[in-house]
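Peer 1: My questions are about this predicted structure, shown below with the sequence.
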Amino acid sequence: MKHLPLGSISQIDKFLKDNNEMELEIISVKEKYEFIRTVLVIIKYRSLSKKDRGLVSRYLRFFTRYSKGHLKKLIKKWKSGLLFYNPSRKRNKFSFFYKPSDIALLIKTDIAHNHLSGPATKTILKREFEVFGKIEYENISKISIAHLYNLRNNNLQYGSSNALFLKRTQAVQVPIGIRRKPRPNGAPGYLRVDTVHQGDFKGKKGVYHINLVDEVTQFEMIATIPQICESFLRPVVKEILELFPFAIFEFHADNGSEYINYSVAKMLNKLHIELSKSRSRHSNDNALVESKNGSIIRKFYGRNYINQKYAKLLNDFNREYLNVYLNYHRPSGFAEDIIDSRGKIKKKYNEWTTPYEKLKSLENAKQYLKPGFSFDELDKIAYAKSDNEFAEEMMKEKDKVFKKIKD
């Protein structure tokens, strides 16, 4: 150590550059501690800049081969005057009980049984020794269930074996859609979508209702199809999207395969609409459309079975009456977040208006309309009949539809 460059930072820097590829290490722990103390005192470590301290740290690691974190602890001890080698210090160490041959038997067992649970695997190891008399299993049969999992997760021999690939079922990662909650920032065009099934009867499926709701204005479109498949779903979704008077930017669904698939993603991509999906353990990501499923679809159509052959009849009713009623004549509640004295967020529904009126109330609302739509033309739909007049007309048509279904 006497011949090492300890005079200045520049000498240390030159030494590290010239000997970058050399491998030197002080073997004795006592000498390592002495070397660290000597260097830190001579170089006046306390007065160095942050950059120079990093250089000294590299220099010490070069000779001691200590990790950066461990050396940081030793320097902290030196600053407190506690960096001394104590040969009488006793460390608690776990005994090396399971040999590579024992771990090989565990690997063999896991591969043979397709990686059973810890208790089941331990039982098999015990049976191999106690029931079938295989002496080589005597040691590994004594393993605790907790340590069995430790070997599976942390042992290098186990980790490099074929048993690792049988360890657990991997979650399915579908690279379609962005997993997030929509962020409309007060602008319309961010839709929530969900599907409602209209009952079963003697093993037969009923019709399916597709429900799309805009988050900001609560503009809502409902369509009915006989089956959930690409041939029915894709054209109907495309048709519904065209009925919205404003541009659509995002299409948000839960993680169901009816919407999270390449066919829907391709269609939305052509329309320049982003596809997003609900996050794990965030049950309220799609809460808006799910609440509408109960308050509107279940209220209008109930829960009883409706045969698939009536899907077109119901869809015509949706397009001509129900969707018009929902958007132009049925008031919806718009929540305001209020924070109480305890910091809890509560929602108060002080604003009640139709989705169309909400759309018109947005600042510079005309900018959101799609080409071919204008408020003058939409006003003709909204104000052609009063709310009660249109509701009465709609209910009469609904009775006619259900009478055909019952007949």
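Peer 2: Arrived safely. Residues are numbered from 1 along each chain as shown.
Peer 1: other SSEs contacting the longest helix along the chain?
Peer 2: Counting residues, the longest helix found in the chain (DSSP state H) is helix 387-406. Packing partners of helix 387-406 (3 or more CB pairs under 8 Å, 6 or more residues apart in numbering; DSSP states H and E): helix 311-317, helix 323-328. Heads up, the C-betas are built off the backbone N, CA and C, glycines and all.
Peer 1: buried sites along that helix?
Peer 2: By 16 or more other CB atoms under 10 Å, the buried positions in helix 387-406 come out as F390, M394, K398, V401, F402.
Peer 1: Other residues contacting that helix?
Peer 2: Identification of contacts with helix 387-406 by CB atoms under 8 Å, 6 or more residues apart in numbering yields 300, 306-307, 310, 313-314, 317, 320-322, 324-325, 328-330, 384-385.
Peer 1: With respect to burial, which of the helices and strands packed on helix 387-406 scores highest?
Peer 2: Counting by mean count of other CB atoms under 10 Å, helix 323-328 has the highest mean neighbour count of the helices and strands packed on helix 387-406, with a mean of 22.
Peer 1: what helices or strands is it leaning on?
Peer 2: Where contact means 3+ CB pairs under 8 Å, 6+ apart, helix 323-328 is packed against strand 220-225, helix 355-361, helix 375-382, helix 387-406.
Peer 1: still on that earlier bit, looking at the helices and strands packed on helix 387-406, spot the one closest to E250.
Peer 2: Closest to E250 of those, according to CB to CB: helix 323-328, at 19.3 Å.
Peer 1: what is the rounded mean pLDDT of the closest one?
Peer 2: When pLDDT is averaged over helix 323-328, the result is 91.
Peer 1: Show me what that helix is in contact with.
Peer 2: 219-222, 243, 296, 354-356, 381-382, 390-391, 394.
Peer 1: got it, and stretch 45-56?
Peer 2: With CB under 8 Å, 6+ apart as the test, stretch 45-56 has contacts from I9, I12, D13, L16, V39, L40, I43, I75, K79.
Peer 1: how does it look with 10 Å?
Peer 2: Outside stretch 45-56, the residues that touch it by CB atoms under 10 Å, 6 or more residues apart in numbering are 8-10, 12-13, 16, 36, 39-40, 43-44, 57, 60, 68, 71, 75, 78-79.
Peer 1: Any idea how far apart the tips of that stretch sit?
Peer 2: Length of stretch 45-56, first residue to last, CA to CA, to the nearest Å: 8 Å.
Peer 1: what's downstream of the worst-scoring helix or strand of the chain on mean pLDDT, the next helix or strand?
Peer 2: Lowest on mean pLDDT, DSSP states H and E among the helices and strands of the chain sits strand 178-179, with a mean of 74. Using DSSP states H and E, the helix or strand that follows strand 178-179 in sequence is strand 190-197.
Peer 1: Wait, L105 touches L148, no?
Peer 2: No. Contact criterion CB atoms under 10 Å: L105 and L148 do not qualify, at 11.8 Å.
Peer 1: Overlap in contacts, those two.
Peer 2: With CB under 10 Å, 6+ apart, L105 and L148 have common neighbours Y98, L125, I140.
Peer 1: which residue sits closest to I210, ignoring its sequence neighbours?
Peer 2: Sequence neighbours aside, A223 is the residue nearest to I210 in space, at 4.7 Å (criterion: CB to CB, 6 or more residues apart in numbering).
Peer 1: domains for this structure, by residue range?
Peer 2: Per the record, the chain has its domains at 9-79, 100-166, 179-406, by automatic domain parsing.
Peer 1: show me where pLDDT drops low in this protein?
Peer 2: Residues of the chain that meet the criterion pLDDT under 70 lie in 1-7, 20-25, 88-96, 164-175, 177, 256-257, 281-283, 407.
Peer 1: tell me the strands in it, going along the chain?
Peer 2: Assigned strands in the chain, in chain order: 178-179, 190-197, 200-201, 204-205, 208-214, 220-225, 250-253, 274-277, 332-339, 345-353 (criterion: DSSP state E).
Peer 1: what's N150 in contact with, if anything?
Peer 2: Neighbour list for N150: I143, S144, Y158 [criterion: CB under 10 Å, 6+ apart].
Peer 1: from what I can see the last one touches D110, true?
Peer 2: Yes. Using CB under 10 Å, Y158 and D110 qualify as a contacting pair, with a distance of 8.4 Å.
Peer 1: ok, the two, which is more surrounded?
Peer 2: Using other CB atoms under 10 Å, the more surrounded residue of Y158 and D110 is D110, with 22 against 19.
Peer 1: what's the burial count for the nearest residue to the more buried one once chain neighbours are set aside?
Peer 2: With CB to CB, 6+ apart as the criterion, D110 has its nearest non-adjacent residue at 4.2 Å, and that residue is A163. Neighbourhood size, A163 [other CB under 10 Å]: 20.
Peer 1: Nearest spatial neighbour of D194, chain-adjacent residues omitted?
Peer 2: What sits nearest to D194 in space, not counting adjacent residues and going by CB to CB, 6+ apart, is V289, at 4.5 Å.
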